[in-house]
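Peer 1: 3D, please:
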Amino acid sequence: MRFDAAGNAVDGTGRRFDAARLWAGGAATALVAGLLAVVGILVARGLLGVAVLAPKGEGAWGNANTLTYALVSAACALLATGMAQLLLATTPSATRFFGWIMALLTAIAVVLPLSLDVSTEGKVFTAVLNLLIGVAITVLVRGVAVGARR
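Peer 2: Next up, the predicted model:
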């Protein structure tokens with residue numbers, strides 16, 4: 001990462017960005033992603049009766065996998081924030097590259113559950129939930145990255 005004479009972070013185009021603002025937005029995005037995972041699992045199990053991440057006997061809340069899924073979703077948001085900072089510091093058109101990278105990672109997260117040996121409903125719902133979480137992280141972190149530029 002490069003810094004100007006005043007100690008501000010400088011992006012790949014020479015523009016300054018506020019890393020603290022970027023990470024505050026990244027932390028908020030992590031909270032949104034984690035809560036989105038929990039809401040998605042509650043909808044799947046509680047309203048639709050789809051066994052996502054746990055057998056149907058585990059109830060609407062499920063088991064420890066629900067917490068793990070939420071924490072992994074939040075961690076993905078923090079990793080995306082780190083990637084955004086790296087791209088801002090080193091790459092011209094950082095937000096464009098960020099968008100492409102996140103779209104491809106989201107596509108992987110959508111396709112991956114479709115290859116698992118579970119019920120079709122579980123596969124599809126997990127793929128849709130991964131899509132929603134990936135889009136939320138992409139849109140929110142990209143918006144924060146744009147807003148962090150000075």
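
Peer 1: okay, CA-based contacts and neighbour counts for the rest of this
Peer 2: Noted.

Peer 1: let me see the contact set for the residue nearest to Leu112 when sequence neighbours are not counted.
Peer 2: Sequence neighbours aside, Ala127 is the residue nearest to Leu112 in space, at 7.7 Å (criterion: C-alpha to C-alpha, 6 or more residues apart in numbering). By C-alpha atoms under 8 Å, 6 or more residues apart in numbering, the residues touching Ala127 are 109-114.

Peer 1: looking at Ala127 now. What's its pLDDT?
Peer 2: Looking at Ala127, its pLDDT stands at 93.

Peer 1: thinking again about what came up before, pull out the buried residues from the contacts of Ala127.
Peer 2: Neighbour-count burial (16 or more other C-alpha atoms under 10 Å) applied to these gives 109-111, 113-114.

Peer 1: now intersect those with the helices, please.
Peer 2: Within the buried ones among the contacts of Ala127, residues falling in helices by DSSP state H are 109-111.

Peer 1: tabulate these (CSV), appending pLDDT and distance to Ala75.
Peer 2: Supplementary listing: those in CSV, determined by pLDDT from 0 to 100; distance: C-alpha to C-alpha, whole Å:
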residue, pLDDT, distance to Ala75
Ala109, 95, 14
Val110, 95, 17
Val111, 94, 20
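
Peer 1: just to check, Tyr69 is in contact with Ala37?
Peer 2: Yes - look at Tyr69 against Ala37 with C-alpha atoms under 8 Å: they come within range, at 6.7 Å.

Peer 1: tell me which of those two has more neighbours.
Peer 2: Using other C-alpha atoms under 10 Å as the criterion, Tyr69 and Ala37 rank with Ala37 on top: 26 against 17.

Peer 1: low-confidence ranges in the protein?
Peer 2: For the chain, the stretches with pLDDT under 70 are 1-15, 53-64.

Peer 1: how about the helices of it, start to end?
Peer 2: Assigned helices in the chain, in chain order: 19-42, 64-90, 94-111, 120-148 (criterion: DSSP H).

Peer 1: can you give me the angle the last one makes with helix 19-42?
Peer 2: If I follow you right, that is helix 120-148. Orientation check (axes from the mean of the first three to the mean of the last three C-alpha atoms, to 10 degrees): helix 120-148 against helix 19-42 gives 160 degrees.
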